[in-house]
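Colleague: The following comprises the amino acid sequence and a computationally predicted model.
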Amino acid sequence: DGGITQSPKYLFRKEGQNVTLSCEQNLNHDAMYWYRQDPGQGLRLIYYSQIVNDFQKGDIAEGYSVSREKKESFPLTVTSAQKNPTAFYLCASSIRSSGGPNTGELFFGEGSRLTVL
Amino acid sequence: DQQVKQNSPSLSVQEGRISILNCDYTNSMFDYFLWYKKYPAEGPTFLISISSIKDKNEDGRFTVFLNKSAKHLSLHIVPSQPGDSAVYFCAATGSGNTGKLIFGQGTTLQVKP
């Protein structure tokens, strides 16, 4: 079945360490996104990519990095510069990234919970 | 600057009654609105959407109403069922946003049997 796979589901990290969260999709979608969920703050956009080898910062990109070397993959690295990394991270994809109705529908993975010890 | 706001963090209704979840937005460039439903420790799933050229969209028990002049939309669930208990996120996008969604803070709905 088509979908978005995030791994790992749970991850623990010591302060000062970088960690990379994986996101793979087999939906043939052009656009991919990373969101962060914190209690009471909804979903906030970290980075997004509309096409391979291109990505843009979202609203809270500081302390994060991404790459988009393949259409199917959009890994997120949480660096040691991220001051408050403990959160629930959600990856999503959509068919197109701009223009017209139906482009706003995102398909989400099941999320990765990162805890900094 | 919260462009999409869900001012009610939680809502509790009795099974069989109507649930009304509200959402306000500030950006007049938004022209497409969506509702997502999220269970704990899972990703959100798309529920229903509405384009700014409409003021109502219905899908089974779920209806979304859009009031552009008030920059307000609402999700009605009739009748409410215990399985509807989840967090509901309102989201908006527009041609100027290159397709990225702006989410509200979410409203936790509890439907009591």
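Modeller: Sure, I can see it. Residues are numbered from 1 along each chain as shown, chains lettered A, B, ... in the order given.

Colleague: burial count for the nearest residue to A:Ile95 once chain neighbours are set aside?
Modeller: Leaving out its chain neighbours, the residue that sits closest to A:Ile95 by Cβ to Cβ, 6 or more residues apart in numbering or on different chains is A:His29, at 5.5 Å. Using the backbone N, CA and C atoms, a C-beta is placed for each residue, glycine as well. The number of residues packed near A:His29 is 19, by other Cβ atoms under 10 Å in any protein chain shown.

Colleague: and A:His29, helix, strand or coil?
Modeller: coil (DSSP: H, G, I helix; E, B strand; the rest coil).

Colleague: gap between it and A:Ala81?
Modeller: A:His29 is 29 Å from A:Ala81, where distance means Cβ to Cβ, to the nearest Å.

Colleague: Sketch out the low-pLDDT regions of the chain for me.
Modeller: Just going to use chain A. For chain A, applying pLDDT under 70 flags the ranges A:1, A:96-104.

Colleague: nope, chain B
Modeller: For chain B (pLDDT under 70), the answer is B:1, B:95-99.

Colleague: need the strands for it, in chain order.
Modeller: Residue ranges of the strands in chain B, as given by DSSP state E, are B:4-5, B:10-14, B:19-25, B:32-38, B:45-51, B:56-59, B:62-67, B:72-77, B:86-93, B:102-103, B:107-112.

Colleague: Would you format these as TSV with mean neighbour count included?
Modeller: Putting the strands of chain B into TSV (neighbours: other Cβ atoms under 10 Å in any protein chain shown) gives the following:
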stretch	mean neighbour count
strand B:4-5	20
strand B:10-14	13
strand B:19-25	21
strand B:32-38	23
strand B:45-51	17
strand B:56-59	12
strand B:62-67	18
strand B:72-77	19
strand B:86-93	24
strand B:102-103	23
strand B:107-112	17
